[in-house]
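*Asks:* Pasting a predicted model and its sequence here:
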Amino acid sequence: MGPKQERPEVEVTFKIAERLLAEIKVGQLVNVSVAASDDRSFPGEVDLINPVVDQNTRTAEVRALVPNQDGLLRPG
């Protein structure tokens, strides 16, 4: 097993309703909450907005990058 690799940031993807797409921009700050971290939220920044809207759910996928220097967030 090789040395432990720290991830300086974690990619977080989420879906947003089509009607809200005009309100979100690349570079916008977001706060991410995860079930494993009780009341804590993690600041991040939107880096990608998929322009394709799912016709069944009327949502689009958004990706944010969240700094993870302390290693509290795990991918997956």
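*Replies:* Yes, it's here.

*Asks:* Which strand or helix spans the spatially most central residue of the chain?
*Replies:* Compute the mean C-alpha point of the chain, and by CA atoms, centre = their mean the closest residue is Val12, 2.7 Å away. If you go by DSSP states H and E, Val12 is part of strand 9-17.

*Asks:* Residues touching the following helix or strand past that strand, excluding its own?
*Replies:* On the C-terminal side of strand 9-17, the closest following helix or strand by DSSP H and E is strand 29-33. Residues from elsewhere that reach strand 29-33 (CB atoms under 8 Å, 6 or more residues apart in numbering): 12, 40-46, 64, 66. For the C-beta atoms, the positions are set from N, CA and C on the backbone; glycine is no exception.

*Asks:* 7 Å instead, please
*Replies:* Applying CB atoms under 7 Å, 6 or more residues apart in numbering, the contact partners of strand 29-33 are 12, 41-46, 64, 66.

*Asks:* related to what we said a few turns ago, the strand holding Val12 pairs with which strands, parallel or anti?
*Replies:* If you go by DSSP bridges, strand 9-17 pairs up with strand 59-67 (antiparallel).

*Asks:* Give me the mean pLDDT for the strand it pairs with.
*Replies:* With pLDDT averaged residue by residue, strand 59-67 scores 96.

*Asks:* now that strand and strand 29-33, what's the angle there?
*Replies:* Interaxial angle, strand 59-67 versus strand 29-33 (axes from the mean of the first three to the mean of the last three CA atoms, to 10 degrees): 90 degrees.

*Asks:* got the contact list for stretch 57-65?
*Replies:* 9, 11-18, 21, 24, 30, 32, 44-53.
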